[in-house]
Structure formats: C-alpha cells, structure tokens
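Student: Give me the fold of what follows.
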Amino acid sequence: MTQASDSRAPIGRVLTAMVTPMTEDGAIDHDGLAALAVRLVDDGHDGLVVSGTTGESPTTTDAEKSTILRTVVEAVGERACIVAGVGTYATAHTVELARAAEQAGADALLVVTPYYSKPTQAGLVAHFTAVADATGLPNVLYDIPGRSGIPIETPTLQRLAEHERIVGVKDAKGDLSAGLEVIATTDLAYYSGDDPLNLAWMASGAVGVISVVGHAFGREYLDMLDAVERGDLAEARQIHVDLIPAVRTIMSRSSQGAIRAKAVSQLLGVIGSRQTRLPLLPASDEEVGQLRDMLVAAGKEVSR
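Tutor: Model prediction:
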C-alpha cells in the first residue's frame, strides 16, 4: 500500500476517477486500463479511483470490478493510492464489494450515498457504518445528491467522522458553507468532486481533488494545488481560468463525464477505443471534434 505523503490527505492530493477502457465489443481492455493508470501517475497523480461512476460501475459486474482493480494495482500500486469505488444502493452488496476490494489490493474505499432508495439520515449512518466496519481500509464518503437523491447532512457527517475508518469526503454537493463547517468541526479530509469548484474548495480548506478533467490535466491540477499551498492565489486563479475551456468541454451538460473522458483519453493516444456500455453511448464525432479542438488549444498532443 502506498501511503500519501501528506498526512492531511489520506488518499493523496491529485486523483482522477478513471474511466474503464473497453474494446469495441464492450469487453474490459486491461492493457488500456494499465496504460491509462501509468499515464495518469506519470502526469502528477498520487491517487486513482477505479470503478467510480466515471468508471461505469453500474454496468460492470462484480467480477469485472475485481479484475479492473487488480490490473490497476499491478500497474501502479507501488506509486499511487488506489481507491476502489464500492457504493451501491444496497448495504449488503456494498459490504460484499468492499471486502472484495480489500482482497484485490485496494488501499482505500470510495462509498457513494445509496442512490434511488433515498434512506433517512439515520439510515445513512447505519449504511456507512456497516461498510466501514466490514474492512480495515479507510473510507471516503461520496456526497453527490444530484445522483443519489439525498445529501449527507452536516450533523450526519459530524457523527460519521467519529468512526476511525471514515477519513474523508468527496464533495459534489457544492455547498461550500456546509463543507467549511464540517472541515472546522471534524478531522474529515475534504476532496473536491466537482471540477468547476476545484479552486474554490482548495481555497476553503479541501486537501485535494478527485477529478474527471484530470484525465488530461493532472499536472495542471497539481500545479494549482501547490500554488494554493504556498499562498499564491493569483497563480492558482490563473491556472483555474486557463482550465475553464477544458472543464466546460469535458463536463458538458449535454453529455456525461465518462463519455467525454474516454474520448479525451483516446485522443491523447492512451486507450484504443471510446466504447461505452449502454445506457451510455460513445462520444459522437461532433463531440470528439469539440474535444480535439479544446486539447489542441490547450497545447496537448493529440492522435490523428
């Protein structure tokens, strides 16, 4: 297990929620997966998330999740913290995935709020506690009410922070005020899970980012985090401004981050196909053209 060099950032500082490369017939492309993991770590990442939503976790099987994780651990496990997404809408299934991830070599777990079932806040406490009790791995809670239907409220986070293995939050709720209160009253490490707000979160006390745009701009995010750490907010703001076209294009509301991040990774020559699994459709030729133009304008070398 690779330990994060900064104890305040238990799973690292710059992480990307990786896509899961697939062949044209929809099978997992393990060579592409390993190549992508190596590329991301070479580009400044000290952590990677596999089998998150961006990794199309709803449409990969439990067995595939374990092989995906083992491939990434084998490729870069000695160089980065490998975080396995294990959250589902069922506590028992999430516990099974958590234990399987521990056996497959994960360093930490990302546990999303149970989606669709919309439990009460007491139900969330019971769910997250059961998952944290199931393994010896650190847990990061993923708060994304836009997908799950409910937020993890501040008193709930404060209570869950008392669990020794619940160490952080990936925030895609976008409530900076609520996050600041949790940061001020607990030891939870906050990670921005919403690329447009990366700078705002870092300036508010977050310790890192879990990005989608990082598929192409990991080094830039590392530079931004370093600028914030040394108090150079002017430099951090300039990096943020420079990244606005990338964030706008990759995270377009007309598409989905997983779709466009796969197309970006193919354009960069890292993976061989932008294939996705239904209900996600691969990026259209028009979308690929938009992404290509953005990458070229940002000075990235793209494949033909």
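
Student: going forward, measure contacts between C-alpha atoms and count neighbours the same way
Tutor: Fine.

Student: could you pull out the helices for the protein?
Tutor: Secondary structure of the chain (DSSP state H): helices at 30-42, 62-76, 91-104, 121-134, 145-148, 154-160, 176-185, 198-203, 214-229, 233-250, 257-267, 285-297.

Student: Out of those helices, which one sits most buried?
Tutor: For the helices of the chain, the largest average neighbour count (mean count of other Cα atoms under 10 Å) is found in helix 257-267, namely a mean of 25.

Student: Low-confidence regions, the protein specifically.
Tutor: Along the chain, the parts satisfying pLDDT under 70 run over 1-7, 304.

Student: circling back to that earlier point, CSV for the helices of the chain, including distance to Val19?
Tutor: Converted to CSV, the helices of the chain look like this (distance: least, Cα to Cα, whole Å):
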stretch, distance to Val19
helix 30-42, 8
helix 62-76, 11
helix 91-104, 17
helix 121-134, 24
helix 145-148, 18
helix 154-160, 28
helix 176-185, 27
helix 198-203, 20
helix 214-229, 9
helix 233-250, 13
helix 257-267, 6
helix 285-297, 16
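
Student: Which of these sits closest to Gly55?
Tutor: Of all the helices of the chain, helix 257-267 sits nearest to Gly55, with 6.8 Å by Cα to Cα.

Student: Give me the contacts around that closest one.
Tutor: 19, 21, 36, 53-56, 212-213, 215-216, 250-251, 271-276, 280-283, 287-288, 291-292, 302-304 (Cα atoms under 8 Å, 6 or more residues apart in numbering).

Student: still on that earlier bit, out of the helices of the chain, which comes closest to Tyr191?
Tutor: helix 198-203 (7.7 Å).

Student: pull the CA atoms of the closest one into CSV?
Tutor: Provided in CSV are the C-alpha atoms of helix 198-203 (Å, rounded to 0.1, in the frame of the first residue of the first chain):
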residue,chain,number,x,y,z
ASN,A,198,-11.8,22.7,-7.5
LEU,A,199,-10.1,26.1,-6.8
ALA,A,200,-13.0,27.2,-4.5
TRP,A,201,-12.7,24.0,-2.5
MET,A,202,-9.0,24.2,-2.2
ALA,A,203,-9.1,27.8,-1.0
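
Student: For stretch 266-279, measure first residue to last.
Tutor: In stretch 266-279, first residue to last residue: 20 Å (Cα to Cα, to the nearest Å).

Student: Adjust the sequence numbering to begin at 20 for everything that follows.
Tutor: Yep, numbering from 20; the last one is stretch 285-298 now.

Student: Please report how far the nearest residue to Lys192 once chain neighbours are set aside lies from Gly308.
Tutor: Closest residue to Lys192 apart from its sequence neighbours, by Cα to Cα, 6 or more residues apart in numbering: Ile163 at 5.2 Å. Distance, Ile163 to Gly308, using Cα to Cα: 30 Å.
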